[in-house]
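>>> Structure, please.
(2 chains)
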Amino acid sequence: SQTIHQWPATLVQPVGSPLSLECTVEGTSNPNLYWYRQAAGRGLQLLFYSVGIGQISSEVPQNLSASRPQDRQFILSSKKLLLSDSGFYLCAWRRPGSENTEAFFGQGTRLTVV
Amino acid sequence: AQSVTQLGSHVSVSEGALVLLRCNYSSSVPPYLFWYVQYPNQGLQLLLKYTSAATLVKGINGFEAEFKKSETSFHLTKPSAHMSDAAEYFCAVNSNSGYALNFGKGTSLLVTP
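Down below sits the predicted model:
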């Protein structure tokens, strides 16, 4: 069966510090991978998605970047965090090639920038 | 662009009462629609999905949703609320590109004894 791992679960970082959140998927190959951010009252905002190694699509221009160094690894990064980067970050995956498949989510990372 | 609108950011029902969470979609092509549930500080779990096979879709935990093209709606219902149903519920639709899901802002369901 497929599993998705996301870490850390919580993170408190000072303004201006770097960020690296990691997500890995097991039990499937060539998944579509996603980073979403959830802010209170604003639902889920798609930040990045990737359909293959090294392929990153950015949905919202911002202080963050994403990378996919391996087929089942997706990393969210920032060189200098802003207060507005605080939120709940969710990684997800979908089977490729079919628009009617659901997304499977990790447990999320609660990021607080202080 | 494909989008969904969830009416009511907060819904409160009594235990045993009908649950109705509203979702309307906007789509230029036949949509694929999803309902997810999120418990505090957790990821999202799929409740059910509409993929054009049947307009009435049954999901987990006794939830179901009906796709109504004429009303561009995909409302989520459950005949009898349970305390454990208290959570955040999200409606989603396939994006224009087909690669991602676009989510609504969510509805927080409160179940009172």
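
>>> Low-confidence bits of chain A, can you list those?
Residues of chain A that meet the criterion pLDDT under 70 lie in A:41, A:61.

>>> quick one: the strands in it?
Assigned by DSSP state E, the strands in chain A fall at A:3-7, A:10-13, A:19-26, A:32-38, A:44-52, A:55-58, A:65-70, A:73-78, A:87-94, A:104-105, A:109-113.

>>> The fifth one pairs with which strands, parallel or anti?
Taking DSSP bridges as the criterion, strand A:44-52 sits next to strand A:32-38 (antiparallel), strand A:55-58 (antiparallel) in its sheet.

>>> got CSV for the ones you listed, with mean neighbour count too?
Quick note: C-beta positions are derived from backbone N, CA and C, even for glycine. CSV is the format used below for those (neighbours: other Cβ atoms under 10 Å in any protein chain shown):
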stretch, mean neighbour count
strand A:32-38, 25
strand A:55-58, 14
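
>>> Report the buried residues of the lowest-mean-pLDDT helix or strand in chain B.
Across the helices and strands of chain B, mean pLDDT, DSSP states H and E gives its lowest value to strand B:101-103, namely a mean of 92. Using 16 or more other Cβ atoms under 10 Å in any protein chain shown as the test for burial, strand B:101-103 gives B:Leu101, B:Asn102, B:Phe103.

>>> go on, stretch A:33-52?
Under 16+ other Cβ under 10 Å, the buried positions of stretch A:33-52 are A:33-38, A:43-51.

>>> for stretch A:16-26, same thing?
A:Leu19, A:Leu21, A:Cys23, A:Thr24, A:Val25.

>>> helices or strands up against the least confident helix or strand of chain B?
strand A:44-52, strand B:3-7, strand B:87-94 (3 or more Cβ pairs under 8 Å, 6 or more residues apart in numbering or on different chains; DSSP states H and E).

>>> neighbouring contacts of that strand?
Strand B:101-103 has contacts (Cβ atoms under 8 Å, 6 or more residues apart in numbering or on different chains) with A:36, A:43-44, A:46, A:103, B:1-4, B:34, B:36, B:90-95.

>>> Just the buried residues of those residues.
Applying 16+ other Cβ under 10 Å to these flags A:36, A:43-44, A:46, A:103, B:2-4, B:34, B:36, B:90-95 as buried.

>>> What parts of chain A come near chain B?
Residues of chain A that fall close to chain B, judged by Cβ under 8 Å from any Cβ of the partner chain: A:6, A:32, A:34, A:36, A:41-44, A:46, A:49, A:51, A:57, A:59, A:88, A:90, A:92, A:94, A:99-100, A:102-108, A:110.
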